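Asker: take this sequence and fold it.
(chains A and B)
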2 protein chains.
Amino acid sequence: MPDSVGELGEFGLIGAVTARLPQGQDVLLGPGDDSAVVAAPDGRVVVTTDLLVENRHFRRDWSDPSDVGHKAAAQNLSDIEAMGARPTSLVVGLGLPADLPSAWAVALSAGLAEEAALVGASVVGGDVVRSPLVVVSVTALGTLSGATPVTRSGARPGDVVAVCGRLGWAEAGFQVLSRGFRTPRLVVEAHRRPQVPYGAGAEAAALGATAMCDVSDGLLGDLGHVAAASSVAIDVDPATLDVAAPLREVASALGADPLTWVLTGGDDNALVATFPAGAELPDRWTVIGAVSAGSGVTVDGAEYAAPGGHDHFAGP
Amino acid sequence: MPDSVGELGEFGLIGAVTARLPQGQDVLLGPGDDSAVVAAPDGRVVVTTDLLVENRHFRRDWSDPSDVGHKAAAQNLSDIEAMGARPTSLVVGLGLPADLPSAWAVALSAGLAEEAALVGASVVGGDVVRSPLVVVSVTALGTLSGATPVTRSGARPGDVVAVCGRLGWAEAGFQVLSRGFRTPRLVVEAHRRPQVPYGAGAEAAALGATAMCDVSDGLLGDLGHVAAASSVAIDVDPATLDVAAPLREVASALGADPLTWVLTGGDDNALVATFPAGAELPDRWTVIGAVSAGSGVTVDGAEYAAPGGHDHFAGP
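Answerer: Numbers count the residues shown, from 1 in each chain, chains lettered A, B, ... in the order given. Sure thing, here's the model as predicted:
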């Protein structure tokens, strides 16, 4: 294989990439034509897209190409889960510098396919173009299997708020990497590859979830989206939140507050949902708050002082 | 509205953009949640994606933002058409510099929605991120309405080759713009906004097309894809090709050969298809060649001398 994507060329690279893309049961026509065809068994398709730009959403010196692929896929698959749906497929656009090692691009694509395979989804198509910096666009499709989509707007006063998945881990990893460290491995890995609680979205829908959201902007920020869309108030009980030992250790070493990471850190791709009071939730869901009449999000009854959520245009 | 996308912020920009996105009949859940939900009435969805990078696929000094939106949508909608399907929806990822005027981003989104509306499709979701240069990723979805997808691999010896839509116009516009001119307007406009023959894809499928392809890499290049996928030879009769008067005039002024533009120019998003001999084709389809046993693409029986197609990693 030629060393750079420029030497390999568009069609050579597409050939090298698609040769490694296994196609699952939902794929009716895979890569290689003008479009792909994917099953949508209940007559509806769930669709979401994200764009990742080098040095903004990942750094090549912090993450290996497989990590970048896993992360790009995970954050889209998580948005499918958050509707109560099952992901079926991804299409991918890659913008690549001509001098990028072609092995880097192939490893990124393999990471995308590996993450998709965790939930039985396939990479069914894509586009490869030249770009001065690495750009990865991912669109995920999914099926609701006959269920009603769980939106952000259905939370009702009296509901409980529950979370599934990790919170604050990716932020702890980001803080460590930002200071030039590469350890502790657990939190650095969490930044590189979110651990999406696959299957929890459809599970929540089956359990009667009234609203749901992927935690990508931070717990308080994303609960703010639910509160606004549902015209309700949400209070979080900080005593119920899992501030894991690795987070406490890293925060202690950096002189930071680990609870802030749990409440406002993004990019772990946990799921947060509201359920009718009394819903019996499996162990991986933890009740962390309650819905009431009103507006806004509070922590233990009060506005939270640290900045909530993050704006992708703010900051460096 | 604040002047720049950085001042407006991610959520402000999403609000400004989505307020102007009409939602058509295939949209079950539009923008504003983790994912959208779109109808897939026959239990299948057709999907394709393209990535456009500033200074590679468009220039802000050559095209206005509405043009860029129209073009980004058109080239994806055309890939849905090329399967014999009807486009239903688009999702869009926008990478935008913080100092970009927010009106530019809003106009781009409006251009995307306007192009989609030409074929009854809607922009149902997206992502907005900061990027050092403008990046537009578009994913289009479509429905086959019960038809069999028309792939690149079904051409058979004895079939005729027919084209619908313009060829060489966008290349003529590119040649003019590359030399610093802004006229003739007709070819410059063709570069800025391809005129996709909407509806011709499903029409070709209904007429029994055996293979089909969107002409985005140039007629000979894209016919090469069909010939390779179908394991056949294709010969093009140059006497049948429409070398329009504006192309002849521009080529004459530039000392170029307009037939080369028709045979190898990309980005007009015409459709080329193969049909059984004797198929009765509507006026907008022109028979331009024939399929035989063998391999490769010829023009009047001989290999064409000018470079065929273009590689997105080659050139400047």
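Asker: so which residues of the stretch 151-300 of chain A form helices?
Answerer: With DSSP state H, counting those that start in this stretch as the criterion, the stretch 151-300 of chain A has helices at A:169-178, A:185-192, A:200-206, A:219-230, A:245-254, A:258-264.
Asker: which one of those helices lies nearest to residue B:184?
Answerer: Among the helices of the stretch 151-300 of chain A, helix A:219-230 comes nearest to residue B:184, with 49.7 Å by C-beta to C-beta. Every C-beta, even on glycine, is put in place using the N, C-alpha and C of the backbone.
Asker: low-confidence ranges, the stretch 201-316 of chain A, go.
Answerer: Scanning the stretch 201-316 of chain A for pLDDT under 70 picks out the ranges A:306-316.
Asker: so for chain B, which of the helices of the stretch 151-300 of chain A sits nearest?
Answerer: Proximity to chain B (C-beta to the nearest C-beta) singles out helix A:219-230 among the helices of the stretch 151-300 of chain A, at 7.4 Å.
Asker: now do the buried residues in that closest one.
Answerer: For helix A:219-230, burial by neighbour count (16 or more other C-beta atoms under 10 Å in any protein chain shown) applies to A:219-227, A:229-230.
Asker: can you lay out those residues as CSV showing distance to chain B?
Answerer: Converted to CSV, these look like this (distance: C-beta to the nearest C-beta, whole Å):
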residue, distance to chain B
A:219, 15
A:220, 14
A:221, 10
A:222, 9
A:223, 14
A:224, 10
A:225, 9
A:226, 10
A:227, 14
A:229, 7
A:230, 12
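Asker: residue A:113: which of the helices of the stretch 151-300 of chain A is closest?
Answerer: Ranking these by proximity to residue A:113 (C-beta to C-beta) places helix A:185-192 first, at 17.1 Å.
Asker: so what touches the closest one?
Answerer: For helix A:185-192, contacts defined as C-beta atoms under 8 Å, 6 or more residues apart in numbering or on different chains pick out A:62-64, A:67, A:70-71, A:166, A:169-174, A:176-177, A:181-182, A:246-247, A:250, A:267-268.
Asker: using ChimeraX, define a selection of the buried residues within those residues.
Answerer: Listed next is the ChimeraX selection for buried residues among the contacts of helix A:185-192, using 16+ other C-beta under 10 Å:
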select /A:62,63,67,70,71,166,169,170,171,172,173,174,176,177,246,247,250,267,268
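Asker: who does residue A:4 bridge with?
Answerer: residue A:101 (DSSP bridges).
Asker: pretty sure residue A:229 sits against residue B:32.
Answerer: Yes. In this structure residue A:229 lies within contact range of residue B:32 using C-beta atoms under 8 Å: 7.4 Å.
Asker: thinking again about what came up before, pipe the helices of the stretch 151-300 of chain A into TSV and attach distance to residue B:46 per row.
Answerer: Compiled in TSV, these are given as follows (distance: least, C-beta to C-beta, whole Å):
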stretch	distance to residue B:46
helix A:169-178	35
helix A:185-192	34
helix A:200-206	24
helix A:219-230	30
helix A:245-254	44
helix A:258-264	40
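Asker: quick one: closest of the ones you listed to residue B:84.
Answerer: helix A:200-206 (32.2 Å).
Asker: the closest one and chain B, are they touching?
Answerer: No. Contact of helix A:200-206 with chain B is not found when judged by C-beta under 8 Å from any C-beta of the partner chain; the minimum separation is 9.2 Å.
Asker: where along chain A do the strands fall?
Answerer: A:27-29, A:36-39, A:44-53, A:86-96, A:122-130, A:135-143, A:160-164, A:211-215, A:233-236, A:270-275, A:285-292, A:296-299 (DSSP state E).
Asker: residue A:91: how many residues sit nearby?
Answerer: Residues contacting residue A:91 under the criterion other C-beta atoms under 10 Å in any protein chain shown number 27.
Asker: residues in contact with it?
Answerer: Residues near residue A:91 by C-beta under 8 Å, 6+ apart: A:36, A:123-126, A:138-139, A:141, B:47-49, B:139.
Asker: what's across from the closest residue to it other than its chain neighbours in the sheet?
Answerer: The spatial neighbour of residue A:91 that comes closest, neighbours along the chain excluded (C-beta to C-beta, 6 or more residues apart in numbering or on different chains), is residue B:49 at 4.2 Å. Beta-bridge pairing of residue B:49 under DSSP bridges involves residue B:139.
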